[in-house]
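Enquirer: what follows is a predicted structure for the sequence shown.
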Amino acid sequence: MKGIVFCEFLEMVESEDGFGMVDRLIESAKLPSGGSYTAVGTYDHAELVALLIAYSGQKNLSVPELLRAFGKYLFGRFVVLYPVFFENKRSAFDFLSHIDSYIHVEVRKLYADAELPKFTHRVLDHNRLELTYTSAKHLPDFAEGLMRGCIDHFGETIELNRQAVVFDGVESERFTLTRS
Ligand code: HEM
């Protein structure tokens with residue numbers, strides 16, 4: 001997983017709980033990298049899981065809850081870091097239906113070795129969008145947090161439901177977004 005994800009995670013922890021907490025997590029997660037990440041480096045995503053487990057122990061929140069919170073936070077950071085990706089995107093549905101065809105394509109130009117998930121989308125009707133997430137990393141809670149961050153960014157009211165499915169023979173998650 002790209003270092004930018006780790007850097008942003010540790011920044012979220014620092015902004016919420018201070019640098020002492022960052023130190024404690026790095027200590028207790030026993031990370032092969034030692035916890036020093038650069039945005040363009042690549043690290044085992046098991047290190048993120050180890051940090052999340054350590055943070056979960058400190059915060060009395062589950063790992064899925066923390067992954068959702070982190071996804072939401074990270075989307076807000078993407079808005080600041082990559083304003084160009086938001087040009088001409090007028091709604092959450094517009095943005096989310098372009099993850100595979102545009103957003104992550106551009107991400108790959110910045111980070112050639114990024115291991116990106118697959119999102120297939122289906123417009124069910126004017127107010128309903130279906131997104132199916134497939135990834136060897138299988139982080140559906142992270143995907144949900146990013147989607148919720150996206151919905152907040154566009155200031156829309158969208159209900160989100162999800163269901164585990166097998167898609168092309170792979171364990172996946174199907175999200176149904178309903179706009180009101
Ligand atoms: C400006 C918008 C976005 C940017 C710049 C961006 C960038 C990235 C980057 C750099 C990674 C790490 C790749 C790696 O570690 O090798 C990543 C992974 C990921 N992205 Fe995006 N992304 C964006 C939007 C989204 C949205 C809206 C979603 C979901 C709704 C999403 C879902 C994911 C997930 C779930 C991963 C984790 C890797 C995996 O599951 O295999 N991204 N993205």
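Expert: Cool, the structure landed. Numbers count the residues shown, from 1 in each chain.
Enquirer: residue numbers of this protein in contact with the ligand?
Expert: Within reach of the ligand by Cβ under 6 Å from any ligand atom, the chain has these residues: 1-2, 4-5, 78, 82, 85, 96, 99, 103-104, 107, 111, 114-117, 135, 137, 139, 142-143, 146-147, 150. Bear in mind the C-beta positions are built from the backbone N, C-alpha and C, glycine included.
Enquirer: again, 5 Å this time
Expert: Neighbours of the ligand within the chain, by Cβ under 5 Å from any ligand atom: 1-2, 78, 82, 85, 103, 107, 114-115, 117, 135, 137, 139, 142-143, 146-147.
Enquirer: and those, which of them are buried?
Expert: 1-2, 78, 85, 103, 107, 117, 135, 139, 142-143, 146-147 (16 or more other Cβ atoms under 10 Å).
Enquirer: in strands only, show me those.
Expert: Residues of these located in strands (DSSP state E): none.
Enquirer: can you redo these as JSON lines with pLDDT?
Expert: Putting those into JSON lines (pLDDT from 0 to 100) gives the following:
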{"residue": "Met1", "pLDDT": "95"}
{"residue": "Lys2", "pLDDT": "96"}
{"residue": "Phe78", "pLDDT": "97"}
{"residue": "Phe85", "pLDDT": "96"}
{"residue": "Ile103", "pLDDT": "97"}
{"residue": "Val107", "pLDDT": "96"}
{"residue": "Pro117", "pLDDT": "97"}
{"residue": "Ser135", "pLDDT": "97"}
{"residue": "Leu139", "pLDDT": "96"}
{"residue": "Phe142", "pLDDT": "98"}
{"residue": "Ala143", "pLDDT": "98"}
{"residue": "Leu146", "pLDDT": "98"}
{"residue": "Met147", "pLDDT": "98"}
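Enquirer: Gly18 and Glu8, how far apart?
Expert: Distance of Gly18 to Glu8, given as Cβ to Cβ, to the nearest Å: 17 Å.
Enquirer: excluding chain neighbours, give the residue nearest to Asp149 in space.
Expert: You called it Asp, but residue 149 is Gly. Phe75 (2.6 Å; Cβ to Cβ, 6 or more residues apart in numbering).
Enquirer: quick one, phi/psi of the one you found?
Expert: The phi/psi pair for Phe75 (degrees, to the nearest 10) reads phi -60, psi -40.
Enquirer: touching, it and Gly145? I think so.
Expert: Yes. Between Phe75 and Gly145 there is a contact at 7.4 Å, judged by Cβ atoms under 8 Å.
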